[in-house]
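**Student:** Following is a predicted model, sequence given first.
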Amino acid sequence: MPKLMTRAEIDEFFARLKKHNPSPRTELEYTNPYTLLVAVALSAQATDKSVNKATASLFPKVDTPEKMLALGEAKLADAIKTIGLYRGKAKNVIALSRILVEQHGGEVPRDREALQALPGVGRKTANVVLNVAFGEPTIAVDTHIFRVSNRTGLAPGKDVVAVEEKLEKVVPDAYRLHAHHWLILHGRYTCVARKPLCPTCVVRDLCRFKEKTKEAELVKARVPVSKKSHHGRP
Ligand code: SF4
């Protein structure tokens, strides 16, 4: 485990991520809390890009649970068949839409327990919906946040729940609302899994990762110099 970052370093870490991207957003396209919930459910083990591609023609026509039920499972499966695990996801989206209509008046509940009771909705999806749709300062730990938190010494933990609990403790209040997106975008574009872009990383001096990538390794791996680090702003 890397050495923990100090309080002052954590503050500086988020100040720099904020400076580079003051208003981070989810990269999933959505039009309301319901389409956000569906998009996040569809994004499990799939890229945001692949989900956006499939929902671009779906959401303009189908943006409520009632309309989703009217569409039906077979047509939904057909509309999202380019996304991995689409059959199971179509089944879950129809089932969760039915529960929203029957138990929540067709609305997405602003409640973690009620969200996690929906088919196919786990802790991560509930956290994203609470954060993005309702502005709650939750942090959904995905593979990117898990990696960044462990590598840097920000909030090391052996599993996603341990990392989430640690982040809850160490992220300063001023950065809580957007911490989720800053960390995801940092992990997706800079602190990537195989060859993190350490030479141009804005938090390099604060990060505790022992095996930081060297400039020569990036050149050898043919990472374009101009795209080395854009912190979620392609
Ligand atoms: S210095 Fe490297 S390992 Fe550390 S946060 Fe930046 S990209 Fe990740």
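**Tutor:** Okay, I see it.

**Student:** Any figure for the gap between residue 194 and the ligand?
**Tutor:** Residue 194 sits at a distance of 12 Å from the ligand (criterion: C-beta to the nearest ligand atom, to the nearest Å). Glycine gets a C-beta too; all of them are placed from N, C-alpha and C.

**Student:** Equivalent analysis for residue 200, please.
**Tutor:** 9 Å.

**Student:** Give the buried residues for stretch 39-48.
**Tutor:** Using 16 or more other C-beta atoms under 10 Å as the test for burial, stretch 39-48 gives 39-44, 46, 48.

**Student:** In helices, which of the residues you listed appear?
**Tutor:** 39-42, 48 (DSSP state H).

**Student:** Let me know whether the helix or strand bottoming out on mean pLDDT in the chain sits next to the ligand.
**Tutor:** Lowest by mean pLDDT, DSSP states H and E among the helices and strands of the chain is helix 215-220, with a mean of 87. No. Judged by C-beta under 6 Å from any ligand atom, helix 215-220 stays clear of the ligand, getting no closer than 10.9 Å.

**Student:** Which residue comes closest to residue 27 once chain neighbours are left out?
**Tutor:** residue 48 (4.4 Å; C-beta to C-beta, 6 or more residues apart in numbering).

**Student:** give me the element residue 34 is part of.
**Tutor:** Following DSSP states H and E, one finds residue 34 within helix 33-42.

**Student:** Surely the residue nearest to residue 27 is in contact with residue 28?
**Tutor:** Yes. Using C-beta atoms under 8 Å, residue 48 is in contact with residue 28, at 5.0 Å.

**Student:** Output the below-cut-off pLDDT ranges for this structure.
**Tutor:** For the chain, applying pLDDT under 70 flags the ranges 224-234.

**Student:** Pull up the gap between residue 38 and residue 101, please.
**Tutor:** 14 Å (C-beta to C-beta, to the nearest Å).

**Student:** cool, and residue 212?
**Tutor:** Separation of residue 212 from residue 101 (C-beta to C-beta): 51 Å.

**Student:** Could you do residue 11 as well?
**Tutor:** Separation of residue 11 from residue 101 (C-beta to C-beta): 45 Å.

**Student:** Spatially nearest residue to residue 122, not counting backbone neighbours?
**Tutor:** The nearest residue in space to residue 122 (C-beta to C-beta, 6+ apart) is residue 116, at 6.7 Å.

**Student:** Now for the one you found, how many residues are close by?
**Tutor:** The number of residues packed near residue 116 is 13, by other C-beta atoms under 10 Å.

**Student:** residues in contact with it?
**Tutor:** For residue 116, the contacting residues are 122-123, 126, by C-beta atoms under 8 Å, 6 or more residues apart in numbering.

**Student:** Greatest separation within the ones in helices among the buried residues of stretch 39-48: which pair is it?
**Tutor:** Greatest spatial distance among those (C-beta to C-beta): 41 and 48, at 12.8 Å.

**Student:** what helices or strands is the longest helix anywhere in the chain leaning on?
**Tutor:** Of all segments of type helix in the chain, defined using DSSP H, the longest is helix 86-104. Packed against helix 86-104 by the contact rule (3 or more C-beta pairs under 8 Å, 6 or more residues apart in numbering; DSSP states H and E) you find helix 33-42, helix 65-71, helix 73-79.
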